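Undergrad: Build the 3D model from these lines:
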Amino acid sequence: MRQEYLRSLEDERKRAGTVTDIATELISEEESDTDAGDSVADEFEPCCSSTPAHTTRRPAPVMTPELSAALDCSNASSRKATFVLAETARSFGHNVMDLAINPKSIRTLRLKFREQSAQAVKAAFHASEPS
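TA: Next up, the predicted model:
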């Protein structure tokens with residue numbers, strides 16, 4: 001029993017050795033083929049370029065300082081403003097997917113315009129102070 005087991009292990013090692021020998025022969029043949037085929041490979045262009053075929057564009061912002069002020073005066077939330085702006089853009093024939101109409105972008109731009117407005121008011125107030 002043990003002898004049969006040892007023979008089977010020895011046979012498997014021999015088979016594995018022949019497989020490795022065949023693999024090394026194939027690799028050496030491929031290396032020699034690639035050395036001769038370098039001139040042929042130079043003639044062909046790569047099938048795909050390194051740059052992606054489809055580049056993503058950032059959507060165009062739709063908020064202006066005046067629109068932001070109007071939304072603030074009407075006390076519209078950013079979520080409600082999203083629906084109003086999307087439907088307005090659609091009714092004017094714009095593709096809504098090309099525009100940055102979502103609550104986060106509207107909120108971010110509204111905060112930015114509020115900050116700009118506050119800075120302008122502060123600058124005007126300090127300029128009108130008597131010295």
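Undergrad: Could you check how far residue 58 is from residue 87?
TA: 22 Å (Cβ to Cβ, to the nearest Å). Every residue, glycine included, has its C-beta placed from N, CA and C.
Undergrad: Who has more neighbours out of the two?
TA: Between residue 58 and residue 87, residue 87 has the larger neighbour count (other Cβ atoms under 10 Å), namely 12 against 6.
Undergrad: List the buried residues in the host helix or strand of that one.
TA: Following DSSP states H and E, one finds residue 87 within helix 78-91. Neighbour-count burial for helix 78-91 flags 78, 81-82, 85-86, 89 (criterion: 16 or more other Cβ atoms under 10 Å).
Undergrad: After it, which helix or strand is next? Please name it.
TA: That would be, after helix 78-91 and using DSSP H and E, strand 99-100.
Undergrad: Could you name the helices and strands sitting against that following strand?
TA: strand 60-61 (3 or more Cβ pairs under 8 Å, 6 or more residues apart in numbering; DSSP states H and E).
Undergrad: Quick one: mean pLDDT for the strand it packs on?
TA: Across strand 60-61, pLDDT averages out at 82.
Undergrad: Output the contacting helices and strands for the helix or strand following that strand.
TA: Downstream of strand 60-61, the first helix or strand assigned by DSSP H and E is helix 65-73. Here helix 65-73 touches helix 103-127, going by 3+ Cβ pairs under 8 Å, 6+ apart.
Undergrad: Buried ones in the helix it packs on, by neighbour count?
TA: In helix 103-127, counting by 16+ other Cβ under 10 Å, buried: 105-107, 109-110, 113.
Undergrad: Using JSON lines, please lay out the buried residues of helix 78-91 together with distance to residue 126 and pLDDT.
TA: Shown next, in JSON lines, are the buried residues of helix 78-91 (distance: Cβ to Cβ, whole Å; pLDDT from 0 to 100):
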{"residue": "78", "distance to residue 126": "31", "pLDDT": "94"}
{"residue": "81", "distance to residue 126": "32", "pLDDT": "95"}
{"residue": "82", "distance to residue 126": "36", "pLDDT": "95"}
{"residue": "85", "distance to residue 126": "35", "pLDDT": "94"}
{"residue": "86", "distance to residue 126": "40", "pLDDT": "94"}
{"residue": "89", "distance to residue 126": "39", "pLDDT": "93"}
